[in-house]
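next input, structure requested:
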Amino acid sequence: MLLLFVIVYLLATLAVGGYASRFVKTAGDFAVAGRKLPAFVVTSGLFATWFGSETVMGASSEFIEKGVLGVIEDPFGAALCLLLIGLFYARPMYKLKLLTFSDYFRVRFGKAAEWVSAVFMIPSYFSWIAAQLVALALLLQVLADVPFFWGITVCTAVVVFYTYIGGMWSVSITDTIQTVIIIVGMVILTMVMLNRAGGFTAITAQVPDDFWRITPKENSFQSWAVYLAAWMTIGLGSIPQQDVFQRVMAARSARTAVISSLLASGMYFSVACMPLLIGLCGSLLYPSLLNGDTQMAIPLLVLQHMGTGMQILTFGALLSAILSTCSGAVLAPATVLAENLIKPLYSHKMSDKTLLRIMRYSVIVIALISMGLALHKKHIFELVAESSALSLVALFVPLTAGLYWKRASLAGALLSMITGTAAWSYFEFFPNDYPSLLWGLAASICGMVAGSLFFRRDTTGAQ
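Below you'll find the model as predicted:
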């Protein structure tokens, strides 16, 4: 019964993609849904950006083992990211009417910045997409004993199909439907588990005293540095991400973009706390769940201790969450690859029809690369952290400086991206007591300031 539901659900997703393809006539339709989406759809899309394997399976596993301090990155940092986008980035970026973040780098700094930013942005998505594919394959393993390789293959094919034919229209429509399924499923399962565990007071009595602690346990500079890095990984690192940008740009007005970002921030934090509680309740009620892979705690909990109705509801929510995240994550780098790396090779003489076709081919390329990574690395939380760190050290500073510092120049942007990535890469291979992304961010800031102050003639870039 449960396996039949999964098959029907995946087929329905493909049908939605086929329906959405009717709205795709231009590259703009494919990339940003023609900028016609209302607030509810945009909010659902932004909420679905990260509510996937990281939140339901990765973060819940970290929460069970480490408490609140283990999940600062997500959901706290992710909710912060959407809040900051709504307050400081959505309105000025929307007014530029662009398809990609790298388009912004071209407009603000010049073609060289466009190319370099695209080169740094695209690889940051491979780990993120791979994490979603791993989660989907693990679910199929639990539900139907599907071998991991074939699980990855089937899930990649489903995501590629409906993203390829429908683009942002397909992503937005499925996100909206799936958001409703996610919220209903998470709310009911949370209520059931809290009731079985005896309520929040009973849970608190069974966990360590510092389980709910939200500040570092040690009052040292190093502890606070690690803590700050956890907030920044997604909180700042995902601000210059193309999947978030595309969903914001798909809004029908700047006001809609701002409101949707703020609403999505609150919705994400509220709903993302539910898998944490579900996982914690399950670990207290059924300690045997902790004997294996804790990433699978929630799926195994539902499969072993819930009735068929709850299983269908929960796995429907899990599939919805992961598919929503994965489809948007595949579309984002595919759009950048076509718009900012391939299109310039044609000296901007490429027709819109050709650009649309290349965007679709790029979806296949990005998905295949991510599939290869997913087959070789299976830890969801690590995959997600890798993806956000690169965009933080390479792109966050040039984006923010470009918007709010008039002296920011092409030289500053290039130096910021290169030095930030170089410093981060060095400390990834030769780690010390402080997170590598903090060294990368510091180097990125220094590169922007030094490049902009010493090379001031190109301050306005290509504006």
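
drop to CA atoms for contacts and neighbour counts, all remaining ones
OK.

for the protein, which residues score under the pLDDT cut-off?
Within the chain, the stretches with pLDDT under 70 are 1, 53, 290, 292-295, 347-348, 377-388, 456-463.

center of it - which residue?
Nearest to the geometric centre of the chain sits residue 50, at 4.1 Å (Cα atoms, centre = their mean).

which residues does it contact?
Going by Cα atoms under 8 Å, 6 or more residues apart in numbering, residue 50 touches 78, 325.

switch the cut-off to 10 Å
Taking Cα atoms under 10 Å, 6 or more residues apart in numbering as the contact definition, residue 50 lies against 56, 74-75, 78-79, 128, 132, 234, 238, 243-244, 268, 272, 321-322, 324-326, 328-329, 384.

check residue 234 too.
Taking Cα under 10 Å, 6+ apart, one finds 50, 72-82, 241, 384-385, 387-389, 391-392 in contact with residue 234.

please, where are all the helices along the stretch 201-350 of the chain?
221-235, 242-249, 254-285, 297-305, 308-336 (DSSP state H, counting those that start in this stretch).

before we move on, what about the stretch 51-200 of the chain?
So, for the stretch 51-200 of the chain - with DSSP H, counting those that start in this stretch - the helices run 53, 60-66, 78-84, 90-94, 101-108, 111-121, 124-144, 148-197, 200-206.

dump those to a markdown table, plus distance to residue 349 and mean neighbour count.
Below are these laid out as a markdown table (distance: least, Cα to Cα, whole Å; neighbours: other Cα atoms under 10 Å):
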| stretch | distance to residue 349 | mean neighbour count |
| --- | --- | --- |
| helix 53 | 40 | 29 |
| helix 60-66 | 49 | 23 |
| helix 78-84 | 36 | 24 |
| helix 90-94 | 25 | 20 |
| helix 101-108 | 16 | 23 |
| helix 111-121 | 16 | 21 |
| helix 124-144 | 28 | 24 |
| helix 148-197 | 23 | 21 |
| helix 200-206 | 62 | 11 |
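
Throw the ones you listed into a markdown table and include distance to residue 13, thanks.
Output for those, formatted as a markdown table (distance: least, Cα to Cα, whole Å):
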| stretch | distance to residue 13 |
| --- | --- |
| helix 53 | 18 |
| helix 60-66 | 26 |
| helix 78-84 | 26 |
| helix 90-94 | 29 |
| helix 101-108 | 28 |
| helix 111-121 | 28 |
| helix 124-144 | 14 |
| helix 148-197 | 7 |
| helix 200-206 | 36 |
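
to residue 249, which of those lies closest?
In terms of Cα to Cα, the element of the helices of the stretch 51-200 of the chain nearest to residue 249 is helix 90-94, at 5.7 Å.

dump the closest one to PDB, restricted to CA.
Provided in PDB are the C-alpha atoms of helix 90-94 (Å, rounded to 0.1, in the frame of the first residue of the first chain):
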ATOM      1  CA  ALA A  90      14.800  41.400  -2.300                       C
ATOM      2  CA  ARG A  91      13.700  45.000  -3.200                       C
ATOM      3  CA  PRO A  92      16.900  46.300  -4.800                       C
ATOM      4  CA  MET A  93      17.600  43.000  -6.600                       C
ATOM      5  CA  TYR A  94      14.000  42.700  -7.900                       C
END
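
please shift the residue numbers so they start at 504 in all later answers.
Okay, residue one is now 504; in that scheme the one you just asked about reads as helix 593-597.

that helix - contacts with which helices or strands?
Contacts defined by 3 or more Cα pairs under 10 Å, 6 or more residues apart in numbering; DSSP states H and E place helix 593-597 against helix 745-752, helix 757-788.

out of those, deepest packed?
Highest mean neighbour count among those (mean count of other Cα atoms under 10 Å): helix 745-752, with a mean of 28.

quick one: residues contacting residue 780.
563, 566, 567, 692, 693, 694, 696, 697, 703, 706, 786.

hmm, I was thinking of residue 852
Residue 852 touches residue 846, counting by Cα under 10 Å, 6+ apart.

just want to check the distance between it and residue 709.
Look at residue 852 and residue 709: by Cα to Cα, to the nearest Å, they are 66 Å apart.

tell me the phi and psi of the nearest residue to residue 902 once chain neighbours are set aside?
Distances taken as Cα to Cα, 6 or more residues apart in numbering place residue 743 nearest to residue 902, at 7.0 Å, with adjacent residues excluded. Backbone torsions of residue 743, given as degrees, to the nearest 10, read phi -90, psi 40.

wait, which of the contacts of residue 780 is closest to residue 522?
residue 692 (31.1 Å).

so what secondary structure elements neighbour the host helix or strand of residue 507?
Using DSSP states H and E, residue 507 maps to helix 505-523. Where contact means 3+ Cα pairs under 10 Å, 6+ apart, helix 505-523 is packed against helix 627-647, helix 651-700, helix 811-839.

could you list the buried residues of that helix?
505, 509, 513, 516, 517, 519, 520, 521, 522, 523 (16 or more other Cα atoms under 10 Å).

next secondary structure after it?
helix 530-535.

CA atoms only: put that next one into PDB for me.
In PDB, the C-alpha atoms belonging to helix 530-535 read as follows (Å, rounded to 0.1, in the frame of the first residue of the first chain):
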ATOM      1  CA  ALA A 530      13.700  31.700 -21.300                       C
ATOM      2  CA  GLY A 531      12.200  34.200 -18.800                       C
ATOM      3  CA  ASP A 532       9.300  31.800 -18.300                       C
ATOM      4  CA  PHE A 533      11.600  28.900 -17.700                       C
ATOM      5  CA  ALA A 534      14.000  30.800 -15.300                       C
ATOM      6  CA  VAL A 535      11.600  33.100 -13.300                       C
END
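
who does the helix or strand following that helix touch, helix- and strand-wise?
Sequence-wise, the next helix or strand downstream of helix 530-535 (DSSP H and E) is helix 542-551. Helix 542-551 sits against helix 581-587, helix 651-700, helix 745-752, helix 757-788, helix 811-839, with contacts defined as 3+ Cα pairs under 10 Å, 6+ apart.

TSV for the ones you listed, including distance to residue 904?
Output for the helices and strands packed on helix 542-551, formatted as TSV (distance: least, Cα to Cα, whole Å):
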stretch	distance to residue 904
helix 581-587	15
helix 651-700	28
helix 745-752	17
helix 757-788	20
helix 811-839	21
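
nearest to residue 726, of the ones you listed?
Counting by Cα to Cα, residue 726 lies closest to helix 581-587 out of the helices and strands packed on helix 542-551; the figure is 20.6 Å.

how far does the closest one sit from its chain's centre?
Distance, stretch centre to chain centre, for helix 581-587: 12 Å (Cα atoms, centre = their mean, to the nearest Å).

same for it, what does it pack against?
Going by 3+ Cα pairs under 10 Å, 6+ apart, helix 581-587 lies up against helix 542-551, helix 724-738, helix 757-788.

switch to 8 Å and redo it
helix 724-738, helix 757-788 (3 or more Cα pairs under 8 Å, 6 or more residues apart in numbering; DSSP states H and E).

do you know which of those lies nearest residue 956?
Evaluated over these, closeness to residue 956 peaks at helix 724-738, with 26.3 Å, by Cα to Cα.

alright, calling it a day.
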